[in-house]
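> Structure for the following, please:
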Amino acid sequence: MKLSLRETVGVVLWWAEGTKSRKDKRWVNARSYPIEMTNTDPKIIKAFLDFIRYDLCIDEPKLKLQLQIHRGDNKQQLEQYWSKATDIPKNRFNKTIIRPAGNKIGKSRGTCKVRLANKEQYKALEKKLVTVLEKLKY
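Modelled structure (predicted):
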């Protein structure tokens, strides 16, 4: 399998910053298949979104965002910022998490998590990761 540069970057971002499959403790023998990646840099978030949108062919309405911000940050302004940066409407945001006040109130844009769950697309993502790792001889 030959991967494009966008696919390689997307897979490496997920490998480094993403959530991996895990056993779901709520049910016996159940696993979750999250395709999630968290970062504070909008360019990295956009690169990952381009990858999952165009190379994993995700079901766009199932794509969600979740923000983590600090108490004292302007929640509405930050939600608007990330909505515009990602082309994801605010009605597809999960509840914004507000942390205790940090050292940089008003100086950060918060942390953005891209969220999607789909077993088939997760398996396709894992296959792409194996391809990248084989190219790197890991």
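
> Excluding sequence neighbours, find me the nearest residue to Lys95.
Among residues not flanking Lys95 along the chain, Gln66 sits closest, at 7.2 Å (C-beta to C-beta, 6 or more residues apart in numbering). For glycine as for every other residue, the C-beta is placed from the backbone atoms N, C-alpha and C.

> which residues sit against the helix or strand encompassing the one you found?
Taking DSSP states H and E as the criterion, Gln66 maps to strand 64-70. Here strand 64-70 makes contact (C-beta atoms under 8 Å, 6 or more residues apart in numbering) with 75, 78-79, 82-83, 86, 88, 92-102, 104-105, 108, 110-116.

> Please repeat the previous calculation with a cut-off of 7 Å.
Applying C-beta atoms under 7 Å, 6 or more residues apart in numbering, the contact partners of strand 64-70 are 75, 78-79, 82, 86, 88, 92-94, 96-99, 101-102, 105, 110-116.

> go on, stretch 37-56?
Stretch 37-56 is touched from outside by 6-7, 9-10, 13-14, 17-18, 35, 58, 85-86, 108-109, 111-114, 116, 121, 124-125, with contacts defined as C-beta under 7 Å, 6+ apart.

> ok, 8 Å please
Residues outside stretch 37-56 that contact it (C-beta under 8 Å, 6+ apart) are 4, 6-7, 9-11, 13-14, 17-19, 35, 58, 60, 63, 82, 85-87, 108-114, 116, 121, 124-125, 128.

> which among those end up buried?
In terms of neighbour count (16 or more other C-beta atoms under 10 Å), the buried residues within the contacts of stretch 37-56 are 7, 9-11, 13-14, 17-19, 35, 58, 63, 82, 85-86, 109-114, 116, 121, 125, 128.

> Just these: which are in strands?
Judged by DSSP state E, the buried ones among the contacts of stretch 37-56 include Gly18, Thr19, Thr111, Cys112, Lys113, Val114 as members of strands.

> any chance of those residues in JSON lines, with pLDDT too?
Putting those into JSON lines (pLDDT from 0 to 100) gives the following:
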{"residue": "Gly18", "pLDDT": "91"}
{"residue": "Thr19", "pLDDT": "89"}
{"residue": "Thr111", "pLDDT": "95"}
{"residue": "Cys112", "pLDDT": "97"}
{"residue": "Lys113", "pLDDT": "97"}
{"residue": "Val114", "pLDDT": "97"}
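
> Many thanks, we can stop here.
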